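*Asks:* Show me how the following folds:
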Amino acid sequence: MSVPRPRRIVLLVALVATLALLCCGGSVTAILLGGFYDDNNAKLNAAIGCGKGGPVDPDSKLPRIRQYGAAQIRNAAIIINVGSDLKLPPRAWVIAVATAMQESRLTNLGNLGSRNDHDSLGLFQQRPSSGWGTPAQITDPVYASTKFYEKLKTIDGWQTMPLTEAAQKVQISAYPDAYAKHEPVATQIVNELADGAAGAVGSSVTMVCASAGQIAASGWTIPVKGAVVGSGFRTADRPTHQGVDLIVGRYTPISAAASGIVSKVKCDEDHKGQHTCNVDGYPGKGGCGWMVEIQHAGNIMTRYCHMVQRPFVKEGQQVTAGEIIGRVGTSGNSSGPHLHFEVHLNNDRSSAGAIDPVPFMRQQGAALGGEG
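*Replies:* Numbering: from 1, shown residues only. Okay, here's the model as predicted:
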């Protein structure tokens, strides 16, 4: 595990007054970030290593992670180590761990009799009758993981697919959308067992921290490049600020922070009930201006506000991480060009679902505004 490092604090004295003026509306209620972080920031610090310490030895003392016991976490460590030995990028490890979470709860299952799905066995519920191997082979976690990765490598474009799509192309499951819900915890498991590798790009040989604009192994990326973090989340002077303001120039492209489904596209009305998003806003006007909301794996929702023009996406559209969804502007309740960015848990678009995007995005390996 990586050693906790002191947080760098960048003092942008000349910008403080300007950044404090940029504003967006909304009220908030405190909510715990259940499962992503703990009190001593162990999970947060795991993301800092970016895989440089390598995977943990499956036979060493392993941490308990969420609802999974020692044997299950050992199986996850084996899956990760096999991926590393095959010199696959950590994105493959996240996909493989999430798949095994869905198929077996990270348990090396034998024949379940009448409860079994045909002749499915092992961590990935692979079937001897479908050519995955003999029962003895499939119930060997190293063999089963190797076969999963070998099939994954044959899928064109798997690296940039939504996790559930890549997993389904390997597994051909009757429940093709079931894998998505495991992505956040699979990311956490990879981070804790492989020194923050879910925040990295490259293979186990060339692994480096994801830089601005790259998609980390977690499947997340920053929504705008070259931004400075301005007004923060629920500050003392703005306790009803649900997200953070990313200060960047007008017309800067805005990317989807992760793959998902666009759930809302609209011109948010101002305090007068008017929809005037095609003109610059001003402080106190109210509303998000042109805005987009995206639902992601793990019931996470992101919100993007103050776009300069109608967004490039429509409701119900599937987007991939890094896909351009609009451009930065200053529509709605705003005093200058910036992206107001929010993260919500449980697909709860209300104030109760909002969490601080800065630590969340850092844990995904996609630190906002160069923060680290």
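*Asks:* Without its sequence neighbours, what residue ends up closest to residue 137?
*Replies:* residue 143 (4.8 Å; CB to CB, 6 or more residues apart in numbering). In this view, the C-beta of every residue, glycine as well, is placed from N, C-alpha and C.
*Asks:* From residue 136, how far off is the one you found?
*Replies:* 9 Å (CB to CB, to the nearest Å).
*Asks:* Please apply the same query to residue 174.
*Replies:* 26 Å.
*Asks:* which of residue 143 and residue 136 has more neighbours?
*Replies:* The neighbour comparison of residue 143 against residue 136 (other CB atoms under 10 Å) goes to residue 143, with 19 against 10.
*Asks:* quick one: the more buried one from residue 251, how far?
*Replies:* 52 Å.
*Asks:* pLDDT below threshold where in this protein?
*Replies:* 1-48, 112-118, 370-372 (pLDDT under 70).
*Asks:* Please name the bridge partners of the residue nearest the centre of it.
*Replies:* The centroid of the chain falls nearest to residue 220 when counting by CA atoms, centre = their mean (4.4 Å). Using DSSP bridges, the bridge partners assigned to residue 220 are residue 258.
*Asks:* quick one, what contacts it?
*Replies:* 257, 258, 321, 361, 364, 365, 366 (CB atoms under 8 Å, 6 or more residues apart in numbering).
*Asks:* Can you tell me the number of residues neighbouring the residue nearest to residue 228 when sequence neighbours are not counted?
*Replies:* Nearest residue to residue 228 in three dimensions, chain neighbours excluded: residue 247, at 4.6 Å (CB to CB, 6+ apart). Around residue 247 there are 23 other residues, counting by other CB under 10 Å.
*Asks:* can I assume residue 247 is in contact with residue 338?
*Replies:* Yes. With contact defined as CB atoms under 8 Å, residue 247 reaches residue 338; the gap is 4.8 Å.
*Asks:* circling back: how about the contacts of residue 220 in CSV, adding secondary structure, neighbour count and distance to residue 309?
*Replies:* Formatted as CSV, the contacts of residue 220 follow (DSSP: H, G, I helix; E, B strand; the rest coil; neighbours: other CB atoms under 10 Å; distance: CB to CB, whole Å):
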residue, secondary structure, neighbour count, distance to residue 309
257, coil, 30, 20
258, strand, 27, 23
321, coil, 22, 23
361, helix, 25, 25
364, coil, 27, 28
365, coil, 30, 30
366, coil, 27, 25
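*Asks:* Just give me the closest of those to residue 290.
*Replies:* Using CB to CB, residue 257 comes nearest to residue 290 of those, at 17.2 Å.
*Asks:* thinking that closest one is in contact with residue 361, fair?
*Replies:* Yes. Using CB under 8 Å, residue 257 makes contact with residue 361 at a distance of 7.4 Å.
*Asks:* Could you pull out the strands in the chain for me?
*Replies:* 200-201, 208-209, 228-229, 244-247, 253-255, 260-267, 290-296, 300-307, 318-319, 324-327, 338-344, 354-355 (DSSP state E).
*Asks:* what comes into contact with the fifth one?
*Replies:* To tie it back to what came earlier, the one meant is strand 253-255. 213, 221-225, 292, 304, 307, 321-328, 339.
*Asks:* and residue 98, how many neighbours?
*Replies:* 28.
*Asks:* actually residue 254, not the one I typed
*Replies:* Residues near residue 254, counting by other CB under 10 Å: 27.
*Asks:* roughly how far apart are it and residue 55?
*Replies:* Residue 254 is 35 Å from residue 55, by CB to CB.
*Asks:* that older thread, quick check: neighbours shared by residue 257 and residue 361?
*Replies:* With CB under 8 Å, 6+ apart, residue 257 and residue 361 have common neighbours 220, 222.
*Asks:* So this structure: which segments form each domain?
*Replies:* Domain assignment for the chain by automatic domain parsing gives 13-35+219-370, 51-209.
*Asks:* for the stretch 1-150 of the chain, what spans make up the helices?
*Replies:* 16-21, 42-46, 70-85, 90-104, 135-138, 141-153 (DSSP state H, counting those that start in this stretch).
*Asks:* Figure out which of those helices is closest to residue 288.
*Replies:* helix 16-21 (17.3 Å).
*Asks:* Number of residues surrounding residue 239?
*Replies:* 10.
*Asks:* Same question for residue 53.
*Replies:* Counted with other CB under 10 Å, residue 53 comes out at 15.
*Asks:* So it versus residue 218, what's the distance?
*Replies:* 17 Å.
*Asks:* Kindly report the same for residue 306.
*Replies:* 26 Å.
*Asks:* repeat for residue 354
*Replies:* 20 Å.
*Asks:* what does residue 263 give?
*Replies:* From residue 263 to residue 218 the distance is 21 Å (CB to CB).
*Asks:* more crowded one of those two?
*Replies:* residue 218 (31 against 18).
*Asks:* Surely that one is in contact with residue 366?
*Replies:* Yes. The pair residue 218 and residue 366 qualifies as a contact (CB under 8 Å) at a distance of 7.5 Å.
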